[in-house]
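Asks: my questions are about this predicted structure, shown below with the sequence.
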Amino acid sequence: GLLVTAKDPLLDDAQVDALDKLCVPDELLEDWDSHEAKVMSPCAGNSSALPPVARDIALRFVAHMAKLLNLHPNAWFHGAALLDVYCQRYNQADMIVRLPATCIALVKMLKKVDTAEL
């Protein structure tokens, strides 16, 4: 899974401050990452999901693009959920081949939704 801690380079200062302000401990985030890894693992009946390394790279790309496009911070969470649901519908080999285009389409969708909410 994608481990997000207060030391993660994907988090900007405002996000780290928000986590600190809410007293969110790194241990809780690590626990969530552990649960995510179990839920997304092939042994949990999720054989069509992306391999963890590919998912991590895809989500980091989506997070980076969301930051560049100044999307709402919640956009990343929506993107992660959409990517996971989308990946459930295809086999791993097909998903890996289409992953770059899928990530771009996902970012475009998130931007469209973010713009529509203004």
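Replies: Looks like it came in fine.
Asks: correct me if wrong: residue 76 contacts residue 63.
Replies: Yes. Proximity of residue 76 to residue 63 meets the contact threshold set by CB atoms under 8 Å, at 5.0 Å. C-beta coordinates here come from the backbone N, C-alpha and C atoms, glycine included.
Asks: now residue 113: how far from residue 53?
Replies: Per CB to CB, to the nearest Å, residue 113 is found 28 Å from residue 53.
Asks: which residues of this protein fall in strands?
Replies: Assigned by DSSP state E, the chain shows no strands.
Asks: pLDDT-wise, which helix or strand of it ranks last?
Replies: Across the helices and strands of the chain, the lowest-confidence element by mean pLDDT, DSSP states H and E is helix 26-40, at a mean of 71.
Asks: and the contacts of the longest helix along the chain?
Replies: If you go by DSSP state H, the chain has its longest helix at helix 92-116. Helix 92-116 is touched from outside by 47-51, 54, 58, 61-62, 65-66, 69, 71-72, 75, 78-79, 82-83, 86-87, 90, with contacts defined as CB atoms under 8 Å, 6 or more residues apart in numbering.
Asks: buried residues, it. List them.
Replies: The neighbour-count check on helix 92-116 (16 or more other CB atoms under 10 Å) flags 95, 99, 102-103, 106-107, 110-111, 114 as buried.
Asks: stretch 13-32 too?
Replies: 15, 19, 29.
Asks: any idea how far apart the tips of it sit?
Replies: Stretch 13-32 has its terminal residues 21 Å apart, counting by CA to CA, to the nearest Å.
Asks: could you do stretch 82-96 as well?
Replies: 16 Å.
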